[in-house]
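J.: Give me a 3D structure for the following:
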Amino acid sequence: MDKTWLSVMEYGFQKEPKIRRFMYSMVMVLLYFFGVGIPFALGYMMKITRRIANGKNIDQPPNYRPIKPLVKDGLVVGFYITILLAIPSIGVTVTDHIVTSYVSFGSLNPTEIAVINGVAAGLLVAFVCGTYLLPVTICAVAVNNEWASGLDFSYLGQIIYSKSYLKMYLKFVMISMLMGVLVWIGVTLIVTIPLALVLWFIYISTIGQLFGYYAMEIKQKDLGN
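T.: Below is the predicted model of the structure:
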């Protein structure tokens, strides 16, 4: 992204009238935390990605309307997050709980503990691999406008081994970790929850831009299906 980090973080609010834009953004994030707006928020992130990939909305974010396509795209993004991140993460938590709970009762022998720990390690590796694959699946869907593009491994293989993708992925990880810590602190302190909501919206719009510019690069290299 040929932008300053300040302009990147302000991007989500750069649309008139700004007060109304700010209120819409806060409502969207609140709905996200209540679970109702998760597809909506993820869909908006995808809309930013797709629009920038097409060379549009470079300086100002797109509108929230119409809502139906946002929800549809959000469900697609949610599907990939579930497969790549949620299932392995939940699996690690469940296996750790099993070991912690049953070892104290002496219900598991060493072989069973080793097997469960092996499964947990495998799931952890799957989670790490999932974080690496998530950005490229979103970019693939944005470029090709087909939800199944994220499952085309022969196509994804043309992208994930490049240095440019590795650089983009590292930016994604660093931004995610930083924002995750800041939002967690904001929510924990209670009084700074409004700030945490603002940071979360900034995260959504920032990641949308990051993916969008990389998807634009994919299109310029004519890697679309």
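J.: Can you report how many residues lie near the closest residue to residue 215 other than its chain neighbours?
T.: Using Cβ to Cβ, 6 or more residues apart in numbering and skipping the chain neighbours, the partner closest in space to residue 215 is residue 53 (3.6 Å). C-betas here are computed from N, CA, C, even on glycine. Neighbour count of residue 53, defined by other Cβ atoms under 10 Å: 23.
J.: Thought residue 42 was touching residue 73, still the case?
T.: Yes: with contact defined as Cβ atoms under 8 Å, residue 73 reaches residue 42; the gap is 7.3 Å.
J.: Can you point out the buried residues in the helix or strand hosting residue 115?
T.: Taking DSSP states H and E as the definition, residue 115 sits inside helix 110-144. For helix 110-144, burial by neighbour count (16 or more other Cβ atoms under 10 Å) applies to 116, 120, 123-124, 126-127, 130, 133-144.
J.: How many residues are close by the nearest residue to residue 126 once chain neighbours are set aside?
T.: Nearest residue to residue 126, sequence neighbours excluded (Cβ to Cβ, 6+ apart): residue 88, at 4.2 Å. Residues within reach of residue 88, counting by other Cβ under 10 Å, total 21.
J.: what helix or strand does residue 88 sit in?
T.: helix 87-103.
J.: Just checking, which helix or strand of the chain averages the lowest pLDDT?
T.: helix 18-33 (a mean of 74; mean pLDDT, DSSP states H and E).
J.: Which other helices and strands does that helix contact?
T.: Packing partners of helix 18-33 (3 or more Cβ pairs under 8 Å, 6 or more residues apart in numbering; DSSP states H and E): helix 38-53, helix 193-220.
J.: quick one: that helix to chain centroid distance?
T.: 18 Å (Cα atoms, centre = their mean, to the nearest Å).
J.: can you check stretch 117-129 too?
T.: Distance, stretch centre to chain centre, for stretch 117-129: 20 Å (Cα atoms, centre = their mean).
J.: cool, and stretch 46-63?
T.: Here stretch 46-63 is found 16 Å from its chain centre; the criterion is Cα atoms, centre = their mean.
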